[in-house]
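J.: how does the following fold in three dimensions:
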Amino acid sequence: MKSFNTYYINKEQLGLFIHDKKIYNSSSLLIQVYSAIVDETFISSLISELTHFLPDAVIVGATTDGEIMEGKVSSGKVVLSFSHFENTTLKAASAEHKVNGYYSGQYLAKELITDDTKLLIAFTDGLHTNGEEFLHGISSIDEKVIVAGGHAGDNSHFAQTYVFTKEHIFSKGAVAVT
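T.: Purely as a prediction, here's the structure:
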């Protein structure tokens, strides 16, 4: 696995970073986005830019209340993490909460976990999801899979958070990748 991290500045800088680091388009490329910019239009635009450069990549992300890159905490920035896997099949899914986080956890686990699954990375909105119930939903389907991730933030405003994949942006839901 190769991994590269950068702060998002603009589309031109993104293209140069992808070129300089020789990040190539692949369905085995995971892009994780951690955005202090809590704006659905910005997130949609960023996803569009990433998809322009790397259309086959799997994208998951969340808004933040502080970003971490290479051991340093920042605020007010957007961190992009590119991980290219050699022998790993990636699959992402999303769920808008219909009832509560328990059922979203169950849904994502059913959609994503197979006998070969080693890890599930999940992000839930930060205002409407009980994290414990979400995890109970996942473990009701498979209690052995390792789960990483967390709640989305909004710079401590407690007004609006987002989680997203390439296909969906939710303010009340969850996203995951295995």
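
J.: strands of this protein, start to end?
T.: Applying DSSP state E to the chain gives strands spanning 2-7, 29-35, 58-63, 67-69, 72-74, 78-84, 92-96, 119-124, 146-151, 163-165, 169-170, 173-177.

J.: so which of those strands comes closest to Ile23?
T.: strand 78-84 (5.3 Å; C-beta to C-beta). To be clear about C-beta, it is placed using only N, CA and C from the backbone, and glycine gets the same treatment.

J.: in its sheet, what does the closest one sit against?
T.: strand 2-7 (antiparallel), strand 29-35 (antiparallel) (DSSP bridges).

J.: which residues does it contact?
T.: 1-8, 14, 18, 21, 23-24, 26, 28-37, 46, 50, 67-69 (C-beta atoms under 8 Å, 6 or more residues apart in numbering).

J.: emit the ChimeraX select command for whichever of those are buried.
T.: To isolate the buried ones among the contacts of strand 78-84 in ChimeraX, judged by 16 or more other C-beta atoms under 10 Å, type:
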select :5,6,8,14,18,23,28,29,30,31,32,33,34,35,36,37,46,50,67
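
J.: what's the neighbour count on Ser45?
T.: 12 (other C-beta atoms under 10 Å).

J.: so who does it touch?
T.: Per C-beta under 8 Å, 6+ apart, neighbours of Ser45: none.

J.: what about the closest residue in space to Lys11 that isn't next to it in sequence, how many residues close to it?
T.: Excluding the flanking residues, the one nearest Lys11 by C-beta to C-beta, 6 or more residues apart in numbering is Glu49, at 4.9 Å. If you count neighbours by other C-beta under 10 Å, Glu49 ends up with 16.

J.: also Ala159?
T.: 9.

J.: show me the contacts for it.
T.: Here Ala159 is in contact with Leu127 (C-beta under 8 Å, 6+ apart).
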